Structure formats: structure tokens, C-alpha cells
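sequence and predicted structure, then a few things I'm wondering about:
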Amino acid sequence: QKEVEQNSGPLSVPEGAIASLNCTYSDRGSQSFFWYRQYSGKSPELIMSIYSNGDKEDGRFTAQLNKASQYVSLLIRDSQPSDSATYLCAVIASGTYKYIFGTGTRLKVLA
Amino acid sequence: NAGVTQTPKFQVLKTGQSMTLQCAQDMNHNSMYWYRQDPGMGLRLIYYSASEGTTDKGEVPNGYNVSRLNKREFSLRLESAAPSQTSVYFCASSELLVLEAFFGQGTRLTVV
């Protein structure tokens, strides 16, 4: 079982819709979770971090964490074509500073 | 303020050659990381350094060595390059408490 799992996609949504991206992780002791966005040919850039159960909102982005289910999600409201990218979920393994990434979900926002 | 700087940006090696990828950060971060990214495989951790003077293996360390030269610099060495090491390599750094990672622009390495 991979430590961090994501559906590779592509996930296609129409412009203006809500995009929902999901991630599961295997290390029950993990406490730190992140979402990164990566445009083709570019380096990853941080969108959100979340450390506590529940929702965290930042502009059009909402991260959701459920530690009991070992599940992290990212919602993008009012999706724009410029949101088309690969979204990477990352988890820090418990007791370490080991930063583990999922394989990413490719999002396509259709104009 | 440059953030995380990697050199070189592109490199072509012949099988068996050696090279060192350089990474430097100016954000006073304690932790630094080396990843490789291959199509469909996501980012895979090669080695990381939680703080100056320490290094630890990640998911795919075989064929690589690292040196944490000082707090700013973390280098990745390929002693005898193999075609399987053709990849895009990313260096990243993070602060111990905040933990949000910042990435360099990547090095595209081809081994022929």
C-alpha cells in the first residue's frame, strides 16, 4: 500500500463548478498535511496546509481533514481554466521530517 | 531573495559518469529534501536532511549520495549514472515548525 494515494485523473470540471480532489494516507500518526499545485514543466507550489480535523478555507480553496478516516480533500470553488494543473497531496510521516507525496491528480477545467 | 536555487537546470550524462546536483536556500530553513519526479510516479523522496549535520534515506536512495554542506546547501551526487536515473530532480526546503516546503525550479537530467 502506498503511503499517500490519489486518483491520477484527469478530473474534468466545467468552468465555475466545484472541483473535489481526494487523498488517503496510511500513517495513522501523521499530523501535517499539504496540498501543492504543479503546472506542467514547473515546480510544485504550496496551496494549503492543514493540521487539525475539519475544514480550512483560503479564498476559493478549502482543505478538509478527517484523521479517523485518514482522508484529506481539497475543494476548489468557482473553478477557472487557470486552475488546470496537477494537484499533489503531501503528508509528513509521524516521528520524522519525511515529506511524502502522492502521485497527483490532474485537473482540467473546461471553458 | 531567491528562495531555493538548483544548478544546473539541464544536464545530459553518459552511462557511468558522475555528477553533483547543487541546491542552496536563502530562507534560513532547517530541513532540505531531494526528490525525483517521473511520469505517473509523482514526487519520490530520495534523501532528506532534517537539520544541518543530519541526513536520512527516503523512498528511493539507491544510486545516490547526499551532503549537507552547511545550513544553506544540500547536494545530491550520482556516482555512476544509469539510464534509470533519467528524471527531473527537485530540491526543497522547509522550516522545522511551519513545515511548508518550498521548491527549486528543478534539474532535468538525461542519462544516455
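Happy to help now that I have it.

every contact and neighbour count from this point should use C-alpha atoms.
Noted.

just give the strands next to the helix or strand bottoming out on mean pLDDT in chain A in its sheet, each with its orientation.
Ranked by mean pLDDT, DSSP states H and E, the weakest helix or strand in chain A is strand A:99-101, scoring a mean of 89. With DSSP bridges as the test, strand A:99-101 is paired with strand A:85-92 (antiparallel).

does the helix or strand that contains B:Tyr47 reach chain A?
Take DSSP states H and E as the rule and B:Tyr47 turns out to sit in strand B:42-49. Yes - applying CA under 8 Å from any CA of the partner chain, one finds that strand B:42-49 is in contact with chain A at B:42-45, B:48.

identify the residues contacting stretch B:51-70?
Here stretch B:51-70 makes contact (CA atoms under 8 Å, 6 or more residues apart in numbering or on different chains) with A:98, B:30-32, B:44-49, B:71, B:74-81.

pLDDT below threshold where in the chain?
All of this refers to chain A. By pLDDT under 70, the low-scoring segments of chain A are A:1-2.

not quite, go with chain B.
Judged by pLDDT under 70, the stretches of chain B that qualify are B:1, B:97-98.

where exactly do the strands run in it?
Under the criterion DSSP state E, strands of chain B are mapped to B:4-7, B:10-13, B:19-25, B:31-38, B:42-49, B:56-57, B:65-68, B:74-78, B:87-94, B:101-103, B:107-111.

and the ones you listed, which is most packed in?
Highest mean neighbour count among the strands of chain B (mean count of other CA atoms under 10 Å in any protein chain shown): strand B:87-94, with a mean of 25.

residues contacting that strand, please?
Residues outside strand B:87-94 that contact it (CA under 8 Å, 6+ apart) are A:43, B:4, B:6, B:23, B:25, B:29-38, B:100-110.

and the residue of chain A that's closest to chain B?
A:Thr103 (3.7 Å; CA to the nearest CA).

residues from chain A in reach of chain B?
So chain A meets chain B at A:8, A:34, A:42-46, A:49, A:88, A:97-104 (CA under 8 Å from any CA).

ok, residues contacting the strand holding B:Tyr47?
Contacts of strand B:42-49 (CA under 8 Å, 6+ apart): A:88, A:98-104, B:31-37, B:55-61, B:64, B:66, B:68.

that strand pairs with which strands?
Strand B:42-49 has these strand partners (DSSP bridges): strand B:31-38 (antiparallel), strand B:56-57 (antiparallel).

give me the angle between that strand and strand B:87-94.
Going by axes from the mean of the first three to the mean of the last three CA atoms, to 10 degrees, strand B:42-49 is angled at 50 degrees with respect to strand B:87-94.

which one is the spatially most central residue of chain B nearest to, not counting chain neighbours?
The geometric centre of chain B, computed from its C-alpha atoms, lies nearest to B:Trp34 (CA atoms, centre = their mean), at 3.0 Å. With CA to CA, 6 or more residues apart in numbering or on different chains as the criterion, B:Trp34 has its nearest non-adjacent residue at 4.6 Å, and that residue is B:Cys91.
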